[in-house]
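1. What shape does this take:
(chains A, B and C)
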Amino acid sequence: MLRVEDAQVSVEFSPELLNKMADTVTRYPEGKQKSALLPILHYVQAEFGWVSPNAMDQVAAFLKIQPIEVYEVATFYTMYLLRPSGKYVLEVCRTGPCGVVGADKIMDHIEKTLGVPEGTVTPDGLFSWRGVECLAACGFGPVLQIGPEYTFYENLTEASVDKLIGDLRKGIKE
Amino acid sequence: MKVTIDGIPVEVEPGTSILNAARQIGGDIVPPAMCYYSKLEGSGGKCRTCLVKVTKGSEKDPRPMPKLVASCRTGVMDGMEVQNITSPEVIEARKGIVEMLLINHPLDCPVCDQAGECHLQDLGFEHGAAKTRYEFDRRTFERIDIGDKIQLHMTRCILCYRCVFTADQITNTRLHGILNRGDHSEISTYISKAVDNDFSGNVIDVCPVGALTDKTFRFKNRVWFTKPVQAHRDCDKCCGKTTLWYKGEDVIRVTGRKDVYGEVEEFICNTCRFDKKKTADWVIEGPSKVSHKSVISSNHYEFTPLPVVKTNPVLLEANKEQFERDTRL
Amino acid sequence: MGRKLLLEHINVPGINTFDVYRSKGGYASVEKALKTMSPEEIVEEVKKSGLRGRGGAGFPTGMKWSFLAKPEGVERYLVCNADESEPGTFKDRYLMTYIPHLLIEGMIVASFALGAKTSYIYVRGEMMPQIRILERAIAEAKAKGFLGKNILGSGYDLELYVQPGGGAYICGEETALLESLEGKRGNPRIKPPFPAIAGLYGCPTVVNNVESIAAVVPIINEGGEEYSKLGIGRSTGTKLISAGGNVKKPGVYEIDLGLPVEEFLYSDEYCGGIANGKRLKAVVAGGSSVPILPANLFLKTINNEPRLMSYESLSDGGFVSGTMMGSGGFIAYDEDQCIVRNTWNFTRFYHHESCGQCSPCREGTGWMEKVLHRLEHGHGRMSDMDLLVDVSKKIEGNTICPLGDAAAWPVASAIRHFRDEFEWHVTHGAEAVTRNFGLAHYADPLPKPEVLA
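-> Residues are numbered from 1 along each chain as shown, chains lettered A, B, ... in the order given. Prediction:
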């Protein structure tokens, strides 16, 4: 899962990120700063596009916990990207109700349009896509979301996916 | 508090778990436990092999519990009545659990160092079926060395979490943990790191299967060809009380002293475990007690005369001499 | 037309802002509770209302509150479970998106009733837009003196925070949620102890679903007894139902409990029938975890009585011919849907979401998925159905948390009611890849129950 070259990437946290981290810790009682781990990993992913081992080590040092505690958490939750991904990660819901209204077709269409299989990055580095489990928008399916803001695109059709990808290529994002 | 397990009453302290109450009775009615380890706080509840049926909650509230409960993590109540081997439901559920534990296990006992002292082997033998219904590829992982003395063969792991608790509670830092989730979970350090501190070797002792093995013993011998002997030494790091495993004149392995449930009496340090492999390093106390059910006792290192020998004083004497010759160190 | 208690003002423009919400009578329950009621009185009102947890288990909320331990000098916590991830359910997302102040209002009242000085709303990470909405709403409420120190001069202090999850269905289980909130892996805890005794940070904690918390607002405003007059029997009040799948008008509907399912499914006020003029084949009534029912058994109970949208009526017939209310995730399947495929899809979900802590669920969900995958793709065997039922039985009831049951029930019920469709997938393996089994007899009227002489 973790490639050697990825393990060696080192990153520098911006002052804004550090401020946000410090601010988040204040939500919890004294000594329970580990609670800030999930939000902080989201901030890190928003800043760097993925969660690198080096970033996790820095988070561990900041929260005064062992690095393995961060790795355990980051690998448990599916939202954290543990290797570099495309600038836009299209996450398509593929569970039950979305499946009933055509999520599979949408995923096939995305694969064909982007020309890369699930979990890989397009050569231009702009896109990757993956099927994810229920996004709790079952009445508006098929749906997809794009981080780090997790904007939602509902009632997808092949045409609306084409438009979305076209817009993103031009740098337009809602 | 009085609790009755499979019809056998026992008096226990408040706060005792059903499993420990059963262990106070002993014998066949003790539920098997793959993940619970009495010396590790917070362990247990995960493997589900120790499930039992509570037919009477307590004297005050005699209602039965609706589901089978994990006996290792359920406290006794006064007047509680529990069924283990007398409940067909429990036997059936346990059979199911064993099947689940084995569907992704490689069953490579013939090449596994743990064979002969493996809890999963015993469990499968006692509660499992001879055939599997699972027809898909089994989950596999690469073998990795965590430190120069310990090998992790994740494919065999049953995710009991004992080694994680050990690292948390016995050593000063934890470098390995459970990564990923579901049936992709694995014990790992994430980025390659050597787990190396004075007590790291204890993860080998607590591992119920052959997932964590002693590299200094690896492929040296089958455990049933070795002879366990109790010994101690003055150690400045640990209690120094160990079991030495002899092959002929050589100490080929050192472990903690394990009780009848496979738990070590006290944790030992890596110096005792890995570096003291000469008889001269140790004060020998005598042969270890091994259950007559264990394959390890097939080597007859302990003095247990056959009934026919017992009745004949001449044979008895000769047998004693033979035994002493055989066990001379 | 049922009464709308939660969604009454949902269509008012700007209802997501404090001022508009306040002008529509918002935060009245906070004033009433903090100024005129004691915490015990609030708990009593909620008990009287008969409100049952809206997250899925249906445990009476007032009772849950009264179990909370109150040792001296130990913090107590209220945590709102907004980790809505049950396939089929999207009511909490809807509520938080459009009327966030309702949740915050409920949180203030509930926190006051429980004596919590810090409360958390644990929102699943994928709902980042809703997290931003809630954070903005909290800031507004705080600026107006409804949060923070000395709320409305009552001397009661409350801080409310939103905590994002990281993407894990299992964190909807209350102890897994607490683990996650503590910054750990979402492994459910072994109970006892229950959260009411030792929850967040080892302190007494109550975990409630978004909708349950929101329902506290009308209960306080109108009184528990008024609330309990709505609904039917032990299913009191209103319930948000997320309608999805092949219905004509998917969406979130607030219904009086006790509404006939036929009316909910076919009347224009609610789902408006099945999309594209098709016929109904099957229904999952309360989110993916509850047993699936064929159309005929869903619309009528086994005794040929009309089924109602209530906890009791939906579970009429037990697991043999009934289902469950669950979280109110209503998924309708039309005649073109394949039950085998759908069951495989759900099993894949549970396999993906199993935390991996205890062995039956970790290994069993993967096993079931593989067998169902084989069946769906035309390589199954006749013995697979019995194998699946057996594996599901080995999981059910033997796991640490209810995820094992939730994974087992859809499989067992699909085979129970749609066995001939599964068998057809075996006997017509090649055909099953290209076309569906169709409606078959699944909507036929039930045979009249035999009258015993």
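2. which parts of the stretch 151-300 of chain B sit against chain A?
-> Counting by C-beta under 8 Å from any C-beta of the partner chain, the residues of the stretch 151-300 of chain B lying close to chain A are B:173-181, B:189-191. Heads up, the C-betas are built off the backbone N, CA and C, glycines and all.
3. What residues of the least confident helix or strand in chain A by mean pLDDT count as buried?
-> Here the helix or strand of chain A ranked lowest by mean pLDDT, DSSP states H and E is helix A:4-7, holding a mean of 75. For helix A:4-7, the neighbour count (16 or more other C-beta atoms under 10 Å in any protein chain shown) marks A:Asp6 as buried.
4. Would you mind writing the CA trace of the very next helix or strand once past it as PDB?
-> For helix A:4-7, the succeeding helix or strand toward the C-terminus, using DSSP states H and E, is helix A:15-25. Extracted in PDB, the C-alpha atoms of helix A:15-25 (Å, rounded to 0.1, in the frame of the first residue of the first chain):
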ATOM      1  CA  PRO A  15       1.500  28.700   9.900                       C
ATOM      2  CA  GLU A  16      -2.200  28.700   9.100                       C
ATOM      3  CA  LEU A  17      -2.400  24.900   9.400                       C
ATOM      4  CA  LEU A  18      -0.500  25.000  12.700                       C
ATOM      5  CA  ASN A  19      -2.900  27.700  14.000                       C
ATOM      6  CA  LYS A  20      -5.900  25.600  13.000                       C
ATOM      7  CA  MET A  21      -4.400  22.600  14.700                       C
ATOM      8  CA  ALA A  22      -3.800  24.500  17.900                       C
ATOM      9  CA  ASP A  23      -7.300  25.900  17.800                       C
ATOM     10  CA  THR A  24      -8.900  22.500  17.300                       C
ATOM     11  CA  VAL A  25      -7.100  21.100  20.400                       C
END
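5. Any part of helix A:15-25 near chain C?
-> No - residues of helix A:15-25 are not located near chain C by C-beta under 8 Å from any C-beta, the shortest gap being 9.2 Å.
6. If you count neighbours, what's buried in that helix?
-> In terms of neighbour count (16+ other C-beta under 10 Å), helix A:15-25 has its buried residues at A:17, A:20-21, A:24-25.
7. Now narrow the residues you listed to whatever sits close to chain B.
-> Answer for the buried residues of helix A:15-25 near chain B: none qualify (C-beta under 8 Å from any C-beta).
8. With pLDDT as added columns, please give those in a markdown table.
-> Listed next are the buried residues of helix A:15-25 as a markdown table, based on pLDDT from 0 to 100:
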| residue | pLDDT |
| --- | --- |
| A:Leu17 | 96 |
| A:Lys20 | 96 |
| A:Met21 | 96 |
| A:Thr24 | 96 |
| A:Val25 | 96 |
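9. wait, which of these is closest to chain C?
-> A:Thr24 (9.2 Å; C-beta to the nearest C-beta).
10. Restricting to C-alpha, output the least confident helix or strand of chain A in CSV.
-> Provided in CSV are the C-alpha atoms of helix A:4-7 (Å, rounded to 0.1, in the frame of the first residue of the first chain):
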residue,chain,number,x,y,z
VAL,A,4,9.0,3.6,-0.7
GLU,A,5,9.2,6.9,-2.6
ASP,A,6,6.0,8.1,-0.8
ALA,A,7,7.4,7.2,2.6
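11. Mind naming the longest helix for chain C?
-> Ranked by residue count, the top helix of chain C under DSSP state H comes out as helix C:403-427.
12. Quick one: list the elements packing against that helix.
-> Other helices and strands packing on helix C:403-427, by 3 or more C-beta pairs under 8 Å, 6 or more residues apart in numbering or on different chains; DSSP states H and E, are strand C:280-284, strand C:292-294, helix C:318-321, helix C:339-353, helix C:359-376, helix C:383-395.
13. Let's see that with 6 Å instead.
-> If you count contacts as 3 or more C-beta pairs under 6 Å, 6 or more residues apart in numbering or on different chains; DSSP states H and E, helix C:403-427 packs onto strand C:292-294, helix C:339-353, helix C:359-376, helix C:383-395.
14. List the contacts of residue 99.
-> Just going to use chain A. The contact partners of A:Gly99, taken as C-beta atoms under 6 Å, 6 or more residues apart in numbering or on different chains, are C:Asn345.
15. hm, I was asking about chain C
-> Counting by C-beta under 6 Å, 6+ apart, the residues that C:Ile99 touches are C:10, C:15.
16. Go again with 8 Å.
-> By C-beta atoms under 8 Å, 6 or more residues apart in numbering or on different chains, the residues touching C:Ile99 are C:6-7, C:9-10, C:15-16, C:21.
17. roughly how far apart are it and C:Leu158?
-> Remark: distance between C:Ile99 and C:Leu158 (C-beta to C-beta, to the nearest Å) = 20 Å.
18. Equivalent analysis for C:Glu335, please.
-> Distance of C:Glu335 to C:Leu158, given as C-beta to C-beta: 52 Å.
19. Who are the contact partners of C:Pro445?
-> C:296, C:300 are the contacts of C:Pro445 under C-beta under 8 Å, 6+ apart.
20. Now the residue lying closest to A:Leu37 once chain neighbours are set aside: which helix or strand?
-> Distances taken as C-beta to C-beta, 6 or more residues apart in numbering or on different chains put C:Gly183 closest to A:Leu37, at 3.6 Å, once the chain neighbours are dropped. Under DSSP H and E, no helix or strand contains C:Gly183.
21. contacting residues for C:Gly183?
-> Neighbour list for C:Gly183: A:34-38, A:63, A:65, A:69, A:73 [criterion: C-beta under 8 Å, 6+ apart].
22. Give me the three-state assignment for B:Gly262.
-> For B:Gly262, the assignment made with DSSP: H, G, I helix; E, B strand; the rest coil gives coil.
23. So if we follow the domain assignment, how does chain A break up?
-> Domain ranges of chain A: A:4-76, A:88-169, per automatic domain parsing.
24. hang on, the earlier thing: closest to chain B out of the helices and strands packed on helix C:403-427?
-> Nearest to chain B, of all the helices and strands packed on helix C:403-427, is helix C:383-395, at 3.3 Å by C-beta to the nearest C-beta.
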